[in-house]
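Novice: Kindly generate the corresponding structure for this input.
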Amino acid sequence: MAKTTLTLLTLALLLLLLSTPAHSTSPPAIYVFGDSAVDAGNNNFLDIEIKSNFAPYGIDYPGGVATGRFTNGLTFADFISQWFGLMLIPPIMDGHSTQGANTKGFNYASAAAGLLPKTCEVTKNPMSMGKQVELFTKTVNEYLPSLPMYKDKAALSSDLSKSFFLVHMGSNDYMLNYFDPNFSTAKEHNPEQFADLLVTELGKSLEELSNLGARKFIVFGIGLLGCTPVVIDKMKVETKCAESVNEAVKIFNTKLEAKLVQLCSTLKGSTFTMGNPYNLGREVMDNPGFKETRKPCCGSGDGKGPCSRNQVPCQDRTAYKFWDFTHPTQATHELLAKKCFDGTGVCTPLNLIELMQKI
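Specialist: Predicted coordinates for the structure are as follows:
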């Protein structure tokens, strides 16, 4: 039975690889930082209630495994790494990920993480953006130099400079902090001030990564939070989306774009491309390629919460934009990844193929 399961998993992975637009050249590694959008299973190893290591999460992942990803299958970070011919980037908190000689990258992202310490206090999540950078510092200073291929510091520096650093962070600072009526954050900061606060914090982390050797960055802005099922439910909006939430997020994205332009000039040798799921989300809402863009494929209370354990999800998951109350389906992840990988308008000023070719 175990052998049959292994064979099916191998076949599923093979079919998945054959169906992707693989590229002949790839970055040496991809390092992923962020929240539940790109968490590859780190929360499985944390003392935190927010987890997704149970069915129906992972129902479309190779082998139907609930890995701890907050979707029905792969995330956009997974698609990107596969299309570059790399493995699925393992979660840093899984002790097995550092037992061998892994030179292809690590995933530091954690669901419910934020840029601000206060945001992480809400969910008792220790993996803020600052903590994730701390873990990467340990990877650079301790783990990677212990590998035979990186005994030469120049070799490590060279590979780090060519590797991709993917960041998706900030959504929870709005969802679990700014727009939570239980906190006074919105009374203390107007949308402009709060966006400045977040962008400043993110900028500090990006500078720290640069000081550790990072040179090629893909930094994602925030998507249409006002169109997520949970926000629509909480704010009782009659229209497609809660536009007041979207407008606040749009301010953040604008300021982030300006910050990345600034960092390009101050961090010599660094290249930043910005991923903008906001614009793609608007395109999907206005001209849907999905049959359902408001209701989730699964989730408790008609969009109020995550999928219940062993809940039966919708049958055609490719027709849904949202998997649960706030997270996208694998189909949505793949659309974002494809647009960013070799398309136009989502990752600018360079898509990832162009970033790969950047010297």
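
Novice: can you list contacts of the helix or strand hosting Lys321?
Specialist: If you go by DSSP states H and E, Lys321 is part of strand 320-322. Applying CB atoms under 8 Å, 6 or more residues apart in numbering, the external contacts of strand 320-322 come out as 228-229, 284, 288, 290-297, 303, 314, 328-329, 331-332. (C-beta placed from N, C-alpha, C; glycine too.)

Novice: again, only using 7 Å
Specialist: With contacts defined as CB atoms under 7 Å, 6 or more residues apart in numbering, strand 320-322 is touched by 228-229, 284, 290, 292-293, 296-297, 314, 328-329, 332.

Novice: Could you do stretch 59-74 as well?
Specialist: The set of residues that contact stretch 59-74 without belonging to it, under CB under 7 Å, 6+ apart, is 8-9, 12-13, 16, 36, 39-41, 43-44, 51-58, 75, 111, 297, 313, 317, 323, 327-330, 333.

Novice: give me that answer again for 6 Å
Specialist: Around stretch 59-74, the neighbours that count as contacts under CB atoms under 6 Å, 6 or more residues apart in numbering are 9, 12-13, 36, 41, 43-44, 52-55, 57-58, 75, 111, 317, 323, 327, 329-330.

Novice: Just the buried ones from those residues, in ChimeraX syntax?
Specialist: Here is the ChimeraX command that selects only those of these that count as buried (16 or more other CB atoms under 10 Å):
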select :12,36,41,43,44,52,55,57,58,75,111,317,323,327,329,330
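
Novice: can you tell me the average pLDDT over stretch 231-243?
Specialist: Stretch 231-243 carries an average pLDDT of 87.

Novice: buried set for it?
Specialist: Neighbour counts using 16+ other CB under 10 Å place 231-232, 234, 237, 241-242 of stretch 231-243 among the buried residues.

Novice: Can you tell me the SS state at Thr273?
Specialist: strand (DSSP: H, G, I helix; E, B strand; the rest coil).

Novice: So what's the residue count around it?
Specialist: Thr273 is flanked by 23 other residues according to other CB atoms under 10 Å.

Novice: tell me which helix or strand of this structure sits lowest on mean pLDDT?
Specialist: Ranking every helix and strand in the chain by mean pLDDT, DSSP states H and E puts helix 2-18 at the bottom, with a mean of 40.

Novice: List of residues touching the longest helix seen in the chain?
Specialist: Of all the segments assigned as helix in the chain under DSSP state H, the longest by residue count is helix 243-266. Counting contacts by CB under 6 Å, 6+ apart, the residues outside helix 243-266 that touch it are 191, 195, 198-199, 203, 221-222, 224-226, 231, 272, 274, 278.

Novice: out of those, which are inside helices?
Specialist: Reading helices off the contacts of helix 243-266 with DSSP H, I get 191, 195, 198-199, 203, 231, 278.

Novice: Between all of these, which two are at the greatest distance?
Specialist: In these, the most distant members under the criterion CB to CB are Gly203 and Val231, with 26.6 Å between them.

Novice: And the most centrally placed residue in the chain, how far from Gln132?
Specialist: Compute the mean C-alpha point of the chain, and by CA atoms, centre = their mean the closest residue is Val38, 3.0 Å away. The span separating Val38 from Gln132 equals 11 Å under the rule CB to CB, to the nearest Å.

Novice: Please identify which helix or strand holds Phe136.
Specialist: With DSSP H and E as the test, Phe136 turns up in helix 129-138.

Novice: pLDDT of that helix, averaged?
Specialist: When the per-residue pLDDT values of helix 129-138 are averaged, the result is 98.

Novice: So for the very next helix or strand once past it, what gets flagged as buried?
Specialist: Towards the C-terminus, the helix or strand next in line after helix 129-138, according to DSSP H and E, is helix 153-162. Of the residues in helix 153-162, those scored as buried under the neighbour-count criterion (16+ other CB under 10 Å) are 156, 159-160, 162.
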